[in-house]
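> quick check, what structure comes out for this input:
(chains A, B, C and D)
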There are 2 protein chains.
Amino acid sequence: MESEKQKGAPLPTIRRLPSYLRVLRRMQEQGREFISSTQMAEELKLEAIQIRKDLAVTGVEGKCRVGYQVPDLIDAIESFLGWDNLTDAFLVGAGSLGTALIGYQGFEHRGLNIVAAFDTDPYKIGRVIHGKDVFPLDKLPDLARRMHIHMAVITTPAAAAQAVADLLVSADIRAIWNFAPTKIHVPESVVVQNEDLSAGLAVLSVRLAEVLNRSESLEQEA
Amino acid sequence: MESEKQKGAPLPTIRRLPSYLRVLRRMQEQGREFISSTQMAEELKLEAIQIRKDLAVTGVEGKCRVGYQVPDLIDAIESFLGWDNLTDAFLVGAGSLGTALIGYQGFEHRGLNIVAAFDTDPYKIGRVIHGKDVFPLDKLPDLARRMHIHMAVITTPAAAAQAVADLLVSADIRAIWNFAPTKIHVPESVVVQNEDLSAGLAVLSVRLAEVLNRSESLEQEA
DNA sequence: TAGATTGTTAATCGATTAACAATC
DNA sequence: TAGATTGTTAATCGATTAACAATC
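The predicted model follows:
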């Protein structure tokens, strides 16, 4: 079954699929009909064999000598990710990051539709951000049920995140995309994706120190 | 030597260190002197043994029966990540995401100091965002050299990112934190950290489909 | 002492990479 | 056909986890 296949897909594979989708969409705009794993590998600085392995989870088969049919592959990846249908979502925390995410056009092509924002700040409540209303947080459970929303984005400060998560769980939200810099605890039936920006910054910091050290020692040698 | 140790640290370990730091700082605020790997594991829903392995890269040693000394560990992680000194950085692309990052207070505790922003949009140039000037992009190379900046954040649209990266490389920038949803190509001597938000969204989408399927089949059984 | 904890060494697990047959 | 490409099967690599001795 398809659902089993999806469940079995390695996490790193799932994380790479959106980058394949970006390349494919660019190819489609250019009117390209086929693309090989070799060409995608070049573009993304990955190994061709890794791309073929990844694409295998979608079920599409490439053609020898020509590669994969671009529109087929786009459809297959979108369907695998569930991005062929928009999922409505609420956003909690209408600060600067929340505002940025509400305004991000790209989510339309990534299956996400932020329909409203919530905050506790009286100054923000009632405002309209990028066309979306900001409601008081305590209206969320009622609205979530009436609008059949089961996805939410948290862009609050860390201190507020757990209480917000609890409220979301009580409102039958099933998936939380958490940008607050803290780990939130939820029941097993709810999925959380923690987006920890400082993890990436940590990697960058360590690698910058490495290249700076390297060029310093080169200077000393010279 | 320390630099060798850092080079050898596994990437997943480096990515987890900031979350340890957050827990430790909260402990310090509460006046806690020691914390064990077991306690941190509970907090972060990780395995204690993994935390001990991770912390080993910083060189700190825990004490049997009590765990790690909180202030020591904070210092060690900060120093390992190079977060004990602020690195000045430029930000390119003063859109909504750029604005959010400029305003994010947390970078002060993560070794990053965004000192100025750059854009090509005449409407944005000359404005001040969260206290930081927005300069025309073509002034960047000159300013980077005069201010000895070697880190930059890209928050432009995908279409502009590669040209911006080329400009940054020509301005002797050595580390790039790229939020534009595209892979940028730079020489080996420059490090790039791509922050691909859609990767996280992909994982969330697939896992949401799984839990929804699961609850559906439970309903059918009932 | 007993028991909680650390840190090392070894085993397991999972992802990436390599080798290669099959295909057009 | 020759050659480029896919996709399978096996090997390698690296990270996580388990087992356990050492410590206080």
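
> domain assignment for chain A?
With domains defined by automatic domain parsing, chain A comprises A:2-81, A:87-198.

> buried deepest among those, which one?
Compared across the domains of chain A, domain A:87-198 shows the largest average neighbour count, a mean of 18 (mean count of other C-beta atoms under 10 Å in any protein chain shown). No exception for glycine: its C-beta is placed from N, CA and C like everyone else's.

> ok, and does stretch A:187-202 reach over to chain B?
Yes: against chain B, stretch A:187-202 shows contacts by C-beta under 8 Å from any C-beta of the partner chain at A:189-191, A:193, A:195-202.

> my bad, should have said stretch A:59-72
No: in terms of C-beta under 8 Å from any C-beta, no part of stretch A:59-72 sits within range of chain B; the closest distance is 14.4 Å.

> first to last residue in that stretch, what's the distance?
10 Å (C-alpha to C-alpha, to the nearest Å).

> right, and the helix or strand after the worst-scoring helix or strand of chain A on mean pLDDT?
Least confident element among the helices and strands of chain A, by mean pLDDT, DSSP states H and E: helix A:2-8 (a mean of 44). Using DSSP states H and E, the helix or strand that follows helix A:2-8 in sequence is helix A:11-29.

> I'd guess A:E210 is in a helix, am I close?
Yes: with DSSP: H, G, I helix; E, B strand; the rest coil as the criterion, A:E210 is located in a helix.

> pull the number of nearby residues for it.
When neighbours are defined as other C-beta atoms under 10 Å in any protein chain shown, A:E210 has 14 of them.

> what about the helices in chain A?
With helices called from DSSP state H, chain A shows them at A:2-8, A:11-29, A:37-44, A:48-56, A:70-81, A:96-103, A:140-147, A:158-170, A:197-221.

> is the fourth one positioned near DNA strand C?
Read it as helix A:48-56. Yes: counting by C-beta under 7 Å from any atom of the strand, DNA strand C has neighbours in helix A:48-56: A:49-50, A:53.

> how much space separates the closest residue in space to A:A41 that isn't next to it in sequence from A:G200?
Among residues not flanking A:A41 along the chain, A:A48 sits closest, at 4.1 Å (C-beta to C-beta, 6 or more residues apart in numbering or on different chains). Going from A:A48 to A:G200 by C-beta to C-beta, to the nearest Å gives 26 Å.

> still on that earlier bit, can you add distance to DNA strand D and give the domains of chain A back as JSON lines?
JSON lines is the format used below for these (distance: least, C-beta to the nearest atom of the strand, whole Å):
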{"stretch": "domain A:2-81", "distance to DNA strand D": "3"}
{"stretch": "domain A:87-198", "distance to DNA strand D": "14"}
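
> which stretch in those domains is the model least sure about?
Across these, domain A:2-81 has the smallest mean pLDDT, namely a mean of 92.

> need the contact list for A:P136.
A:P136 makes contacts with A:118-120, A:125, as judged by C-beta atoms under 8 Å, 6 or more residues apart in numbering or on different chains.
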